[in-house]
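1. need coordinates for the following:
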Amino acid sequence: MDNLQESRPAGHIWRTTALVAVGLLLVLSVFLLFAFSTHRIRFMSAAERNALIARELPPASTARLEHQLAADLSYAAEVVSQGKTLAVNVDLSPAAKSDITYRKLRRIFAQALSAVHESGYQDLAEVTLSASYPLADQAGVPTQTTVATITLDREALKKFSWKHILRCDVFEATKRYRFHPMVDRSPTGQAISQNQ
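-> Prediction:
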């Protein structure tokens, strides 16, 4: 028994535990690098999160449409539904520093109509889309003003090719639209300016 050395089990246990922990951290970091580099794990934007939530909600519901609008538009939107009629108001306040043009309003309304269609609203009698924007009144105080409104009935909604809705001019589908006097009605559109 003289040849046997006394072993210190406590020293070996700590060293083994430390090596196993370092090995596990190395394996975990390699796995995370692989997962992020192949997009198996990635951070989700607010628009992607809203699109996923919208898919989980029942079709043709106001909640689903609100999430779909949040996914498709970079502006806040308010939805009011009554039976077979639907009203969507888009608040353009975040764009207050930029100018609002006919083209921009056309694109925003096309995106809103696309969200209505994707949300499962199929048999609507009427859809009213409006956009509000803070304009200075005569006293110079900015107030939320409706700058454009369009009302589409069932026949106008049937005219759209939903695959190509984002390229359509929604104002050409109906005669029932109004612009604020500061918005030029020509397709090239002049910008709204608070200095006019």
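
2. for the rest of this, base every contact and every neighbour count on C-alpha atoms.
-> Fine.

3. look up how far Pro58 lies from the most centrally placed residue in the chain.
-> The C-alpha lying nearest the average C-alpha coordinate of the chain belongs to Ala71 (CA atoms, centre = their mean; 2.1 Å). In this structure, Ala71 and Pro58 are separated by 16 Å, where distance is defined by CA to CA, to the nearest Å.

4. sorry, back to before: so what's the residue nearest to the centre of the chain up against?
-> When the contact criterion is CA atoms under 8 Å, 6 or more residues apart in numbering, the partners of Ala71 are 46-51.

5. count the residues that sit near the residue lying closest to it once chain neighbours are set aside.
-> Closest residue to Ala71 apart from its sequence neighbours, by CA to CA, 6 or more residues apart in numbering: Ala47 at 4.0 Å. Applying the criterion other CA atoms under 10 Å, we find 17 residues in the vicinity of Ala47.

6. surely Ala47 is in contact with Ala70?
-> Yes: using CA atoms under 8 Å, Ala47 is in contact with Ala70, at 6.4 Å.

7. quick one, domains of the chain?
-> With domains defined by automatic domain parsing, the chain comprises 10-37, 57-179.

8. rank the ones you listed by mean pLDDT and give me the bottom one.
-> The stretch with the lowest mean pLDDT among these is domain 10-37, at a mean of 84.

9. appreciated, that's everything.
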